[in-house]
Structures are given as structure tokens and as C-alpha cells.
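Visitor: Let me see the structure of the following:
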Amino acid sequence: GELTGLMVIRAYHESRGDTKRTKVIVPDSAHGTNPASAAVAGLKVVEVKSLPDGTVDVDALRPLLDDTIAAVMMTNPNTVGIFEHNIPEISEIVHACGALLYYDGANLNPLLGVARPGDMGFDVMHINLHKTFSTPHGGGGPGSGPVGVRAGLEQFLPNPRVVKHSGDDDPLFHLDFGTEKAPHALGRISSWLGNFAVELRALAYILSLGSDGLKLAGTLATLNANYVKESLRDLYALPIDRVCKHEFVFDGLADKSTGVTTLNVAKRLLDHGFHAPTIYFPLLFHESLMIEPTETESKETLDEFIAVMRDIAREAAEDPETVKNAPLETPIRKPDDTAAALNPVVTFAELG
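Guide: Alright, predicted model coming up:
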């Protein structure tokens, strides 16, 4: 989805003869896919710094904007779970320099039924169906990231495309393989129209919840994240002390004297039956521990997680070596991560 969206942006600039726009600005808090997608699209990446509260530094962004910038990629709320409150100003200065604003839909959850990216000034976006609309994620994939554009950019979307008959009381849709009405359209991106079954599952989820249910999902995700954050802030370092959206980031344990790291905490969680949250990302903090409870987590499961996290913090203070040697109860205890990366075993024959 990101790659397709950036290709749309590049096609837009090229259609206007504006070929020197070859750079994309990406915040230092962005997901690694942002610079990767920009590079694959043949664009150069320019980093913009964040403020201590995790939001984009507008003063640092302003001097980067010139006639070589094709787009600015943003995630809102951002990777530390904070809403970009300066987004109207950012949108204004990005468009003033002739660039487009790209929305990474990875953190769309808390905005469901509340706010629309288009109203904030975003021109192109992709939706992470696996994060917001209940489709498979990671090894359970395949995934799908549908792309949306503002009015006026439709002509650059890939062919073939699904076209809606206009003016019909009961609209029908058909596949348009031609480019007569869209000479600047991208060619086929995937083998067909994406992973259709994944998109169908997302549609079924959306229709099942309805507008009220979707709004409730976003609200509950936000409530759950803030509940966990406030329940653990006395024992874990909270670098950004603000109301978060659907996720937040601790900077490891508040007590650093024990030498217990975020990795140790993550491994110890396995002994208690919890898969660890994302660790060491975002890169803004040395011991990042990103916690992102979904809307489906009950208070009971959240309370159990909170109790275990508090117990690990207590154990780190009283018996740090136990935490440092975790996991203790899993079938495989401490694989050599470095050896696995340098000498991966990729066939069953080698395992035998």
C-alpha cells in the first residue's frame, strides 16, 4: 500500500512535468517501512526530527520544504501514540511548497468514527487492514493495504480498477482495464486486485460492527491503552506524559539501577504466558516498550497483564538475576539471536 501510494504521488508530479521532486520527508519516529517504501519507489529519504513530546518538529520541517520534495509521510496518531496536534499547520506548509501529504494508516484505530484523514489535509493514504479491520497479520497473512486518494488523484491509481456506474439508483461496478480516461494511471501493481479474500474479510468486519461499533472500537482501544499506562507509570519510565491514543511507549523500567533491560522484561513475560509487546521501537528511546492493547481486550485480561508487569518490576528490584536469565519455563530458553541472524537455517534438511 505504501509503495503504491508513493508511486501515485510520483506519477502526479511527473504528469505536471515536475520531475525534480525526488525526495520524501519522513519523521524520525516513523515505521521502518516508510523510508523503505520511498527508496523502492526511487525517491530519496530526508529525515525530520521529533520534539520531546513525540510530535513532528514544525520548525525543523519548514526549512526542509522546497521544490525537490515530493511528499511528507506521517502517521497520525504517531508511533508513540500521540495525536499530531500541529497537523493543520503541517498540511498548509507542505501544500504551499507543492508537495503532497501521505498518511500511513498504521495507527488508524483511535480515529474510527471520530476524524477523517482527508479533513486533516492528507492527499494519499493506505489502510493497514490487519491493524484496524481484523485481517491476518504477520505470519498469519497474507496482508492487504488498500490505498485511498483525495479527489483529483484518482486518475493515477493503478489499472485495472473497479469503476462505479454513476447515476444509477442501484449502482453497479465493473472492471476497467483501459487507460483512455486515465493516461497517467499506474500499471498493475499485484497479480490481480490485491488479496481479495483479505479485503472481503475486512469488509465483513466493518459491516458487522456498523458505524456505531467502529466508533466504539476506536474509543475502547484508546481507553485500554490509557488504563494500562496509568496503572504502570509508577514502575516503568514514561517519557511522554500525555493522554495517549491506542498505544504508548515506556522507556524500560523506571529503576535503571538493577540492570534489567526491556529485553529481559519481554523474556520474563513469556514465563507468565504473555507474548511481549513491541520492544526497542520506536528508536526515540533507548529501552522502548510499546504497549498497544486492542479494543477486544477485557478489563480482566488487562488487569492480569498489569499485575504481571508489576510483578516483574518487583522481581527486577529484589531478584534481578532471575529476570535477566528469563525465560525459565519455555521449551526453548535463550537462542543465540546473533548466530541465528548470521547463519540462518532455512531448510528442513539442515535442521535434520
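Visitor: Give me the neighbour count for residue 214.
Guide: As a burial measure, residue 214 scores 20 neighbours (other CB atoms under 10 Å). In this view, the C-beta of every residue, glycine as well, is placed from N, C-alpha and C.
Visitor: Verify the contact between it and residue 110 for me.
Guide: No. Between residue 214 and residue 110 there is no contact under CB atoms under 8 Å: 11.4 Å.
Visitor: Setting the sequence-adjacent residues aside, check what's closest to residue 143.
Guide: Nearest in space to residue 143, with sequence neighbours left out and distances taken as CB to CB, 6 or more residues apart in numbering, is residue 130 at 5.2 Å.
Visitor: Tell me if the one you found really is in a helix.
Guide: Yes. Applying DSSP: H, G, I helix; E, B strand; the rest coil, one finds residue 130 inside a helix.
Visitor: I'd assumed residue 136 was in contact with it.
Guide: Yes. Between residue 130 and residue 136 there is a contact at 6.1 Å, judged by CB under 8 Å.
Visitor: Between those two, which is the more surrounded one?
Guide: Comparing residue 130 with residue 136 by other CB under 10 Å, the one with more neighbours is residue 130, at 20 against 16.
Visitor: Pull up the gap between that one and residue 320, please.
Guide: For residue 130, the distance to residue 320 equals 36 Å [CB to CB, to the nearest Å].
Visitor: what about the protein, any weak spots by pLDDT?
Guide: Regions of the chain meeting the criterion pLDDT under 70 cover residues 138-141, 166-171, 178-181, 350-352.
Visitor: Domain boundaries for it, per the record?
Guide: 2-127+145-194, 211-339 (automatic domain parsing).
Visitor: tell me how far the longest one is from the chain's mean position?
Guide: Distance of domain 2-127+145-194 from the chain centroid (CA atoms, centre = their mean, to the nearest Å) equals 14 Å.
Visitor: Equivalent analysis for stretch 339-352, please.
Guide: 30 Å.
Visitor: can I get the CA coordinates of that stretch in PDB?
Guide: The C-alpha coordinates for stretch 339-352 follow below in PDB (Å, rounded to 0.1, in the frame of the first residue of the first chain):
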ATOM      1  CA  ALA A 339      24.100 -16.500  15.400                       C
ATOM      2  CA  ALA A 340      20.600 -17.000  14.000                       C
ATOM      3  CA  ALA A 341      20.900 -13.800  12.000                       C
ATOM      4  CA  LEU A 342      24.400 -14.500  10.700                       C
ATOM      5  CA  ASN A 343      23.800 -18.200  10.000                       C
ATOM      6  CA  PRO A 344      20.100 -18.800   9.400                       C
ATOM      7  CA  VAL A 345      18.800 -22.300   9.000                       C
ATOM      8  CA  VAL A 346      16.400 -22.100   6.100                       C
ATOM      9  CA  THR A 347      15.700 -25.700   5.100                       C
ATOM     10  CA  PHE A 348      14.300 -28.700   6.900                       C
ATOM     11  CA  ALA A 349      17.300 -30.800   5.700                       C
ATOM     12  CA  GLU A 350      19.700 -28.600   7.700                       C
ATOM     13  CA  LEU A 351      17.500 -28.900  10.800                       C
ATOM     14  CA  GLY A 352      17.700 -32.700  10.500                       C
END
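Visitor: just the strands in this protein please.
Guide: Under the criterion DSSP state E, strands of the chain are mapped to 23-27, 44-48, 69-75, 100-105, 124-127, 147-149, 161-164, 173-176, 248-251, 278-279, 288-291.
Visitor: could you dump those strands to a markdown table with mean neighbour count and distance to residue 331?
Guide: Output for the strands of the chain, formatted as a markdown table (neighbours: other CB atoms under 10 Å; distance: least, CB to CB, whole Å):
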| stretch | mean neighbour count | distance to residue 331 |
| --- | --- | --- |
| strand 23-27 | 24 | 40 |
| strand 44-48 | 16 | 41 |
| strand 69-75 | 25 | 36 |
| strand 100-105 | 26 | 37 |
| strand 124-127 | 24 | 37 |
| strand 147-149 | 20 | 42 |
| strand 161-164 | 12 | 47 |
| strand 173-176 | 11 | 50 |
| strand 248-251 | 25 | 28 |
| strand 278-279 | 16 | 21 |
| strand 288-291 | 22 | 24 |
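Visitor: Any chance of TSV for the ones you listed, columns distance to residue 302?
Guide: Putting these into TSV (distance: least, CB to CB, whole Å) gives the following:
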stretch	distance to residue 302
strand 23-27	29
strand 44-48	35
strand 69-75	24
strand 100-105	25
strand 124-127	26
strand 147-149	33
strand 161-164	40
strand 173-176	42
strand 248-251	13
strand 278-279	17
strand 288-291	10
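Visitor: quick one, which of those strands is nearest to residue 209?
Guide: Closest approach to residue 209 among the strands of the chain (CB to CB): strand 124-127, 15.1 Å.
Visitor: May I have the strands that pair with the closest one, each with its orientation?
Guide: Applying DSSP bridges, strand 124-127 is found paired with strand 100-105 (parallel), strand 147-149 (antiparallel).
Visitor: I'd like those written out as TSV, with distance to residue 164 added.
Guide: Output for the strands paired with strand 124-127, formatted as TSV (distance: least, CB to CB, whole Å):
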stretch	distance to residue 164
strand 100-105	22
strand 147-149	14
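Visitor: For residue 307, find the nearest of those.
Guide: Using CB to CB, these put strand 100-105 closest to residue 307, at 33.3 Å.
Visitor: Lovely, talk soon.
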